[in-house]
Each structure stands twice: as structure tokens, then as C-alpha cells.
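Enquirer: Build the 3D model from these lines:
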Amino acid sequence: MTVAWCAAFVSWCFGQAGYTQPKTAWSPALFPKGRFRKEPLPGMIMGIYFPSMRRIAHRGIVESLHGDFIVCIEGNTNSDGSRNGDGVYRRVRHKRSIANFSEW
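Expert: Numbers count the residues shown, from 1 in each chain. Reported below is the predicted structural model:
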């Protein structure tokens, strides 16, 4: 059985940086309404919405911005962009493909 671990990866990264929060393996918990941001900045969490699941089901950390494209560091993905991947990858995503950003 494969277990999604992208949210746990984000929480682990924040812990390695010395932050106590966020600390969760549940993707939606990384996006409480009080933390939503319209415009991304490096260090924010990004979330991708999956209509089939009716929720944010993949997340990563914004590394840098390049116009309408965002470079993210994501766990549990692969070079094809799967949400059930085999490692940690740097991914380039169009801003429109990201549903939410949250600032912790």
C-alpha cells in the first residue's frame, strides 16, 4: 500500500528549519483560511486541488517565482508530476495550476 507523504514532507522541512508548525500529514490542514495568500512568495506552501478527491491533495514549498511560473520543492512526486511519486523533486508549475498558497 502506498501512502501519500507530500504533506509530511512539507512539515518535516519546516521542522528542519526550526519551525514547530505546520506539523501534519493531512494536506487540507496546511491550508486553514487564516493562512491563505493570493500571491505566492518563496517559503509559502502551495496546494493543488484534485476534483476527483474534492480537496487539495498535493502540496509543496514555493522556492522561486518566474513570471507566471513557480518553482516548487515537492515530496511524493516524480518527473511526470504524479502525486504518488518516488521522491523529492524540483517542479516548475504554472500559477494557474495551483489552487492555494498558505503562509506559515
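Enquirer: Any stretches of this protein with poor pLDDT?
Expert: Across the chain, the ranges flagged by pLDDT under 70 are 1-2.
Enquirer: just checking, what packs against the longest strand along it?
Expert: Ranked by residue count, the top strand of the chain under DSSP state E comes out as strand 55-66. If you count contacts as 3 or more C-beta pairs under 8 Å, 6 or more residues apart in numbering; DSSP states H and E, strand 55-66 packs onto helix 6-16, strand 45-50, strand 69-77, strand 87-94. The C-beta positions use only the backbone N, C-alpha and C, and glycine is treated the same way.
Enquirer: Using JSON lines, please lay out these together with distance to residue 37 and mean neighbour count.
Expert: Compiled in JSON lines, these are given as follows (distance: least, C-beta to C-beta, whole Å; neighbours: other C-beta atoms under 10 Å):
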{"stretch": "helix 6-16", "distance to residue 37": "15", "mean neighbour count": "19"}
{"stretch": "strand 45-50", "distance to residue 37": "10", "mean neighbour count": "21"}
{"stretch": "strand 69-77", "distance to residue 37": "13", "mean neighbour count": "20"}
{"stretch": "strand 87-94", "distance to residue 37": "16", "mean neighbour count": "14"}
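Enquirer: any chance of the ones you listed in JSON lines, with distance to residue 104 too?
Expert: Shown next, in JSON lines, are the helices and strands packed on strand 55-66 (distance: least, C-beta to C-beta, whole Å):
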{"stretch": "helix 6-16", "distance to residue 104": "7"}
{"stretch": "strand 45-50", "distance to residue 104": "7"}
{"stretch": "strand 69-77", "distance to residue 104": "15"}
{"stretch": "strand 87-94", "distance to residue 104": "19"}
